[in-house]
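*Asks:* return atomic coordinates for the entry below.
(one chain, ligands or ions: 1)
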Amino acid sequence: MKVIVLNGSPKGDLSVTLQYARYLEKVNPQHRFTYENIALQVKHLENDPAAFNAIIDRVRQSDIVLWAFPLYVLSVHGNYKRFIELISERGVKDAFAGKYTATLSTSIHFYDHTAHNYMHAVCDDLDMKYVDYFSADMNDLHNEEYRRQLTLFGQRLFSAVQNNTPVQKQYLPLQKRDFIYQPGNTSSALPADGRKIVILHDSKDPESNLAHMVSRVQDRFGGNVTVVNINELNIKGDCLGCLVCGSANHCFYEGKDDYIEFYRNTVMTAEILVYAGSIVDRQLSARWKTFFDRIFFNSHQPTLQKKQVFLLVSGPIGQIPNLQEIMSAFFEFQGANYLGYISDESGTSADIDALIDQKAADALEAFANGYLRPETFLGQGGMKIFRDDIYGRLRTIFMADHKAYKRLGFYKTFPQNDFGIMMLNTFAAPLVNIPAIRAKFDERIKEEMVKPLQRVVEKTLA
Ligand SMILES: Cc1cc2nc3c(=O)[nH]c(=O)nc-3n(C[C@H](O)[C@H](O)[C@H](O)COP(=O)(O)O)c2cc1C
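*Replies:* Numbering: from 1, shown residues only. Model prediction:
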């Protein structure tokens, strides 16, 4: 069988992920593998239709398409996404339709599932036959049992083709409505009291719904806001995955384009942030993805602490829970208070006006009150992965994160650093778990657990 591996790493042949695909090739010498460094050369593919078509022809000639990619900021790299957009823009979906496919990633398991969900949905949209995903930690290949599992994953894929195995579509096509949003008269501008408000968008058409949503929110804030079209921002290139930023947060692009200065001086100093974009396939645009990827010069530190954030979205985000999760997780991890999104996917223009007006008021009020919801599992779980990895195996490379985590007190949440918990576990735990004592304890556990909280409520004044 012919397998085409579409490599989503900007590092090309030096990709970690690629080694996992090469391992599959080694243990399956009866099949023929070819490799395309998609993320590395997407600009070339975009500018040279012949080069793009040559890859598409090789896809046509293959029995299996293996999407092999590293995790980049909760999803795939912006360049990989751009390639996926080009498939639709250039009308070559038919090259993928009906092919058996699977996704293979490496990462540190921080939102690897949202990347696979995204790619699975893309495959379903391309009418491919999606067999399975394999999400490896970047070091799993060293482990014999993981290599065995990877081999089984490969076998599943080949036997699906051999047996023409039926597969279930997991993501049904998005229902898009044909709707023109026309904002009405602006309701009274809010007293923004000198708040620093920044709106970022990627609208390409001033008459689009997105552009109108942006001007509505801008007017609502009294026009006293910074509005930036990220298409016009001087971004010289995509994140290279070079990790130069790991030691002291200096990016390869420093002094070469405007992104870093812009992010530090405009985004990180804002108090209220509005991100506005349109749905392109199952996410925002590749341009937005590149914008998010480039944030990595801060490596894994929260850059949006205490900011009030909301989204304006043109398109059916309500049908894409995976994107909603990516957005909630990203902003929680960044330390922001995420107030959700307004989209044009339902309601009349007047309804959307009212929602935008209300969201702007909510953001100002939340900022004034210092409202910051506790993080859910999305932020808490994510941060624990990084806390452990930066303290441990990633510290050598990400020294800047290590210093920041110490400064921000992130390591104080290690249970072994909490004196009270250490005492409890050392002295109380063995005692309480003596069967006779434990039996007594269990009788009272509900009352004892709630008692301290009841005292807080009782002491609270009306
Ligand atoms: C800019 C950047 C963003 C990343 N984002 C994530 C992420 O969101 N989740 C994760 O688990 N790993 C993330 N990683 C780690 C990579 O996915 C991991 O190191 C992978 O093995 C790299 O594979 P590659 O050499 O094929 O590019 C990120 C790495 C970089 C450089």
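
*Asks:* the residue of the stretch 201-350 of the chain at minimum distance from the ligand: what's its closest spatial neighbour, skipping adjacent residues?
*Replies:* Going by C-beta to the nearest ligand atom, the ligand is nearest to Phe296 of the stretch 201-350 of the chain, at 3.5 Å. Every residue, glycine included, has its C-beta placed from N, CA and C. Nearest residue to Phe296 in three dimensions, chain neighbours excluded: Cys239, at 5.4 Å (C-beta to C-beta, 6 or more residues apart in numbering).

*Asks:* what count of nearby residues applies to Phe221?
*Replies:* 23 (other C-beta atoms under 10 Å).

*Asks:* need phi/psi at it.
*Replies:* Main-chain dihedrals, Phe221, degrees, to the nearest 10: phi -80, psi 10.

*Asks:* tell me who's in contact with it.
*Replies:* Neighbouring residues of Phe221 by C-beta atoms under 8 Å, 6 or more residues apart in numbering: Ala189, Leu190, Ala192, Ile197, Ala360.

*Asks:* look up how far Lys289 lies from the residue nearest the centre of the chain.
*Replies:* The residue lying closest to the centre of the chain (C-alpha atoms, centre = their mean) is Leu74, at 2.8 Å. Separation of Leu74 from Lys289 (C-beta to C-beta, to the nearest Å): 10 Å.

*Asks:* quick one: pLDDT of Ser187?
*Replies:* For Ser187, the model assigns a pLDDT of 80.

*Asks:* now do the same contact list for the closest residue to it other than its chain neighbours.
*Replies:* With C-beta to C-beta, 6+ apart as the criterion, Ser187 has its nearest non-adjacent residue at 5.2 Å, and that residue is Asp357. The contact partners of Asp357, by C-beta under 8 Å, 6+ apart, come to Ser187, Arg216, Arg220.

*Asks:* check contacts around the nearest residue to Phe69 once chain neighbours are set aside.
*Replies:* Of all residues not flanking Phe69 in the chain, Gly8 sits nearest, at 2.8 Å (C-beta to C-beta, 6+ apart). Counting by C-beta under 8 Å, 6+ apart, Gly8 makes contact with Thr17, Ile38, Ala39, Trp67, Ala68, Phe69, Pro70, Val76, His77, Asn79, Tyr80.

*Asks:* what about the helix or strand where the first one lies and the ligand, any contact?
*Replies:* In other words, Thr17. Counting by DSSP states H and E, the element that carries Thr17 is helix 16-27. Yes - Helix 16-27 lies within reach of the ligand by C-beta under 6 Å from any ligand atom, at Val16, Thr17.

*Asks:* how is the chain partitioned into domains?
*Replies:* 2-163, 197-377, 418-462 (automatic domain parsing).

*Asks:* tell me where the stretch 251-400 of the chain has strands.
*Replies:* 272-278, 308-314, 337-343 (DSSP state E, counting those that start in this stretch).

*Asks:* give the pairing partners of the first one; include direction for each.
*Replies:* Sheet pairing of strand 272-278 (DSSP bridges) gives strand 197-201 (parallel), strand 308-314 (parallel).

*Asks:* hang on, isn't Gly78 packed against Phe296?
*Replies:* No - with contact defined as C-beta atoms under 8 Å, Gly78 and Phe296 do not form a contacting pair (11.0 Å).

*Asks:* overlap in contacts of the two?
*Replies:* Contact criterion C-beta under 8 Å, 6+ apart; residues shared by Gly78 and Phe296: Tyr72, Cys239.

*Asks:* these two: which is more packed in?
*Replies:* Using other C-beta under 10 Å, the more surrounded residue of Gly78 and Phe296 is Gly78, with 25 against 18.

*Asks:* list the contacts for the more buried one?
*Replies:* Contact analysis of Gly78 by C-beta under 8 Å, 6+ apart lists Tyr72, Asp238, Cys239, Ala286, Arg287, Lys289, Thr290, Phe291, Phe292, Asp293.

*Asks:* what does the protein put close to the ligand?
*Replies:* Taking C-beta under 6 Å from any ligand atom, the part of the chain that reaches the ligand is made up of 9, 11, 15-17, 70-74, 106-112, 138, 239, 241, 243, 293, 296.

*Asks:* how about 5 Å then?
*Replies:* 9, 11, 15-17, 70-74, 106-108, 110, 138, 239, 241, 296 (C-beta under 5 Å from any ligand atom).

*Asks:* which stretches of the stretch 301-450 of the chain form helices?
*Replies:* Using DSSP state H, counting those that start in this stretch, the helices of the stretch 301-450 of the chain run over residues 321-333, 349-369, 377-391, 399-407, 419-423, 429-432, 435-459.

*Asks:* now do the shortest one: distance to the chain's middle.
*Replies:* Translated: helix 429-432. Its chain's C-alpha centre and that of helix 429-432 lie 43 Å apart, by C-alpha atoms, centre = their mean, to the nearest Å.

*Asks:* can you show me the CA trace of that helix as CSV?
*Replies:* Provided in CSV are the C-alpha atoms of helix 429-432 (Å, rounded to 0.1, in the frame of the first residue of the first chain):
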residue,chain,number,x,y,z
ALA,A,429,-3.4,9.9,57.6
PRO,A,430,-1.9,6.7,59.3
LEU,A,431,-3.9,7.4,62.5
VAL,A,432,-7.2,8.0,60.8
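
*Asks:* what's next to it, contact-wise?
*Replies:* Here helix 429-432 makes contact (C-beta under 8 Å, 6+ apart) with Ile437, Arg438, Phe441.

*Asks:* quick check: mean pLDDT of stretch 222-237?
*Replies:* Stretch 222-237 comes out with an average pLDDT of 95.

*Asks:* same question for stretch 48-67: list its buried residues.
*Replies:* Of the residues in stretch 48-67, Phe52, Ile55, Ile56, Arg58, Val59, Ser62, Asp63, Ile64, Val65, Leu66, Trp67 count as buried by neighbour count, 16 or more other C-beta atoms under 10 Å.
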